[in-house]
Structures are given as C-alpha cells and as structure tokens.
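Asks: Here is my input, please return the structure:
(chains A and B)
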Amino acid sequence: MTYKSEFLNTLNERGFIHQCSNLDELDKKLREGVQSAYIGFDATAKSLHVGNLTGIMMLYWFQQCGHKPITLMGGGTSKIGDPSFKDEQRKLMDDATIEDNMQNIRNTCFKQFLNYGDGPTDALMVNNNDWLDDLKYLDFLRDYGRYFTVNRMLSFDSVKQRLERESPLSLLEFNYMVMQGYDFLELYRNYGTILQMGGSDQWGNIINGVDLAHKSDQTQLFALTAPLLTTPDGKKMGKTENGAVWLNAEMLSPYDYYQYWRNVDDVMVGTLLRRFTILPISEIEKLEALEGQEINEAKKVLAFEATKMCHGEDAAKNAETTAIKTFEEGAAGGDLPVFEVNLNDGILFIDAFIESQLVGSKGEARRMIQQNGAKINGESVNDPNYKITISDITAEDYVKISAGKKKHALLKRAS
RNA sequence: GGAGGAGUGGCAGAGCGGUCAAUUGCACCUGACUGUAAAUCAGGCGACUUCGGUCUACGGUGGUUCAAAUCCAUCCUCCUCCA
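Replies: Alright, predicted model coming up:
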C-alpha cells in the first residue's frame, strides 16, 4: 500500500503502522500543509528508555517530513499513574520530582532527535499538568464526563486485564484514560493538533481522545499506533537483566547502549534497522539479506547507527572501538568502566568484583569464580581468594576483570 | 455493616508445627556448542562466612510451643456474595 503523504509512506516502509483510525483522511490532511501531532510520555523517571524510542522516532520522521511534533509530558497524569497492563499501582510522585524529570528528559533524550523552538515546524514540549491541575471536578464531570460511559471504559483491555487478575484498580487510576482523552482535546484546541500516535497498547487511550473531540467539538482527530516490538518468544523489547535500557548517558553508558543493540536477536535486526536507524531503505535491505555469521555485520551497523542517533557520532565511534578491542582483540577499550583501587596493597578478586559493580554480592562473585566465569585479563581464575596486585597490571597499565563473556571493567591503580 | 476466602522469594504457585532458605514452572546468571545470536545441554539462583556454620526472610504486631511459613489473637490489604 502506498500513500500520498511523505510521512505515512516513511512510516509504512519502516514498519511503524499498526492501526489508524482513518488512514485515507489522515493522508489527505498531511498533504494539506503543516500539521501537528503528539505523543505522550511518562515523567516518572528522569530518563526515557528504548521502549519510548518508537514514539520518538515517529515524531522524528514527522518533523523531518515538515510537520510539527509535540512531546506531551505527563506531569499531571504522572500524579495518577497509567493502569495499562500494570499489575500494581504506581507510586504517586510529587511535583518537584516530576518537574526535575521532565527537564532531564528534554535535555538528554529528546534533544538528540527533535529540534525544539518557535518556528512553525519546531518541536514543542508541553506538560498536561498545566491544564489538568486547574480542572474543576464538577465542571469537568458536567462538560466531559457525560461523554464517557463506564460500560465502554470497562471494555478496554487495560482495564479488563486488571479486573481479571483481581488486581485492585482505583478510581484514581481508572480516570487515567479520561485524562488522556482530554489531553488530546486540549492540544487540538490550543495547537490545532490533529493526530496522536503511540504504541499499539495505547490504542484505547488514544481513541478515547478521538471520540471525545468528535462528541464535544464535532471535529475529526486521528489515531495512529505502531506495532509493539516483541522478540520472537513474545518478550517486550527494552529490558535487560539489569533493568531498562535508558537513553540518558548518565544512567546507561553509550557503550552499554551500543552493546544492547549489538546483542539483539538475529530475527529482529531488519525490523530494528528500519525502526531505529535512518539509513536508506535500500541499504537496510542489503543488510537484511545477510545470513549466518554475517548477520553480525548488520548488528554492528545497527548498534552504531542507533547509538549515533541517541548519543552522537563521537560516542558511537568510541563505543564501537571499545567493542572491537574488547571482543575481537581480547584487549580493552576506553569505554569500559574504570575503577581506581590501591593495587600496591592488592585487592581480593572477590572484592574487586563488588567494587566494579559487576556482581551484586560476594556470594555471587564466588559463584562466578567457581563456575569459570571470572577472568583477569582474559584468563579464568578459579581461586576465590586470589589477590589482585601490581603484578597483574598489563603493559597498558590496567587490570581487566570480567564477569562472564560480556561484562568487563578495568582496574587502575589509585594515584 | 454482615458472611465467607486469600495474602509465601522478580512473577506464577506448592507447603499448612520440626527433615523449610522453603517443591515446581517462568524469568535471570555462569559454563559448553556457536557468531558478542537463537535453540539445546550442564550447573547455579537470600546475605555473610575462617565453608564448620551464622544471620535475615513466608502481609504487620503480639502470643502459644523445646520448636511456627505452618497454631492463636489482633491490625492492615485484596477477592467473592449479601445489605
């Protein structure tokens, strides 16, 4: 299927389109001139993670195609908590924390992908707290509450799941979808925003806004969702053993970010290249065609390009160099975490593990050593009481310790 | 407000006075095989340890007992039915 608008064509060939409330009409609108679209983001952490990247990329392309992207921060809704597919209630947050998170997200995450400013196609960041905070309960119920039926709200997957699991769903959280629907209306009225995008799990919430605008303002707004990324065994993307894959370099180093992409499943490579790099489709098709061991080449490109998008070209190059040194030459690269220790007195291998945060406890370190997973300068060491001293320092003036094959750290002597 | 039921490790879910740091599945970690992949196989999976043990844990708090995740009381939370 081809579209008339550049935006939809781009999204389509890159695998971003899952559901749309009215594709033809949206296609037409997008050709009529500059439009604005938004995606809502959570402000519960001080960084976004790769789970948000699909949305960010959609806004990226939206802007590249000559439109105005709006990033809506859920400052107000963060006070409530999205019940979608969560088993437990989210903890509530105070204003100061939320505000702090928002600034962080804007300056470290969005900035790499979107151009903010005052121009017609410059990105805009708004906080729904600005209008939600002042709502008067009775007025709101009278003006908008009448457009929502509980019957329908109960039929949403996000709610159904919660009820089926007999997990508590408070009225507070139940209201989340009403708030989110109202956001859309508010953005339409203030900025003429006609489109809300998101992951397919947000479909219900988005449609709420579309319906609300239709009923209250007799206008047609649009919903567009992207397929949720899952690995072949059905797991959600974006989590590692250690938690979320953050976009903020302070919370996850560019090297680790690079490694995340470098280690994705074979079968995901094509999808991810389309979605998270801006390489021309023709080039992606070539990379996708690689088989067997050669897929690694495609993964390197993916890792490099994705890291470049998020952290810039220099950081991507450093990460790549470190990866090559570490994995292909068995040496060590500059991006590995470095810890200064007093090597004159020596340090127990086990303690060095703890110190470098490669493991969480001494017991775990012992296990690692017993199971042959612990290495010093690439050599397995089986003695749990081994003491690292100056004699372990390599010609490059460091000691490399490894937990398993992928986690490495450098020890340097404290000066 | 009334009557029942339930709260166990990241999740699911056994145990129902000692042999329980707690069966099992999923998740996770390490090793082998590979390609920094997947699948498969082997081992591991509370903390500390002089590897003998020690400590903290089965919603909270008290209690019974030589001994409690298991019994009692009370509080909290959730579920179902009734008002």
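Asks: Can you report how many residues lie near residue A:202?
Replies: Around residue A:202 there are 22 other residues, counting by other C-beta atoms under 10 Å. C-beta: built from backbone N, CA, C; applies to glycine.
Asks: Ok, the one 5 residues further on next?
Replies: The burial count assigned to residue A:207 is 21, neighbours taken as other C-beta under 10 Å.
Asks: my read is it is in a strand, agree?
Replies: No. Counting by DSSP: H, G, I helix; E, B strand; the rest coil, residue A:207 is not found in a strand; it is helix.
Asks: gap between residue A:266 and residue A:295?
Replies: 5 Å (C-beta to C-beta, to the nearest Å).
Asks: And the two? Which one has more around it.
Replies: Neighbours were counted for residue A:266 and for residue A:295 using other C-beta under 10 Å; residue A:295 has more, 17 against 14.
Asks: mind listing the strands for the stretch 251-400 of chain A?
Replies: A:338-341, A:347-348, A:374-376, A:379-380, A:387-388, A:399-403 (DSSP state E, counting those that start in this stretch).
Asks: Can you list the low-confidence ranges for the stretch 1-150 of chain A?
Replies: A:79-93 (pLDDT under 70).
Asks: which residues in it form strands?
Replies: A:19-20, A:36-41, A:68-73, A:124-127.
Asks: Adding mean neighbour count and distance to RNA strand B as columns, could you present the ones you listed in CSV?
Replies: Listed next are the strands of the stretch 1-150 of chain A as CSV, based on neighbours: other C-beta atoms under 10 Å; distance: least, C-beta to the nearest atom of the strand, whole Å:
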stretch, mean neighbour count, distance to RNA strand B
strand A:19-20, 16, 28
strand A:36-41, 24, 24
strand A:68-73, 24, 28
strand A:124-127, 18, 30
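Asks: Nearest to residue A:178, out of the ones you listed?
Replies: Across the strands of the stretch 1-150 of chain A, the minimum distance to residue A:178, taken as C-beta to C-beta, is reached by strand A:36-41, at 13.8 Å.
Asks: got the contact list for that closest one?
Replies: For strand A:36-41, contacts defined as C-beta atoms under 8 Å, 6 or more residues apart in numbering pick out A:48, A:52, A:55-56, A:58-59, A:62, A:67-74, A:77, A:105, A:124, A:128, A:180, A:183-184, A:187, A:191-198, A:202, A:224.
Asks: Helices - which of these land there?
Replies: Using DSSP state H, the subset of those located in helices is A:55-56, A:58-59, A:62, A:105, A:180, A:183-184, A:187, A:191.
Asks: Out of those, the closest to RNA strand B would be?
Replies: residue A:180 (22.7 Å; C-beta to the nearest atom of the strand).
Asks: hang on, the earlier thing: can you tell me which of the ones in helices among the contacts of strand A:36-41 are buried?
Replies: A:55-56, A:58-59, A:62, A:105, A:180, A:183-184, A:187 (16 or more other C-beta atoms under 10 Å).
Asks: Mind picking the two most distant members of those?
Replies: A:105 and A:184 (20.6 Å).
Asks: ok so, going back, I'd like to know which of the buried ones among the ones in helices among the contacts of strand A:36-41 is nearest to residue A:159.
Replies: Nearest to residue A:159 among these, with distances taken as C-beta to C-beta, is residue A:180, at 13.1 Å.
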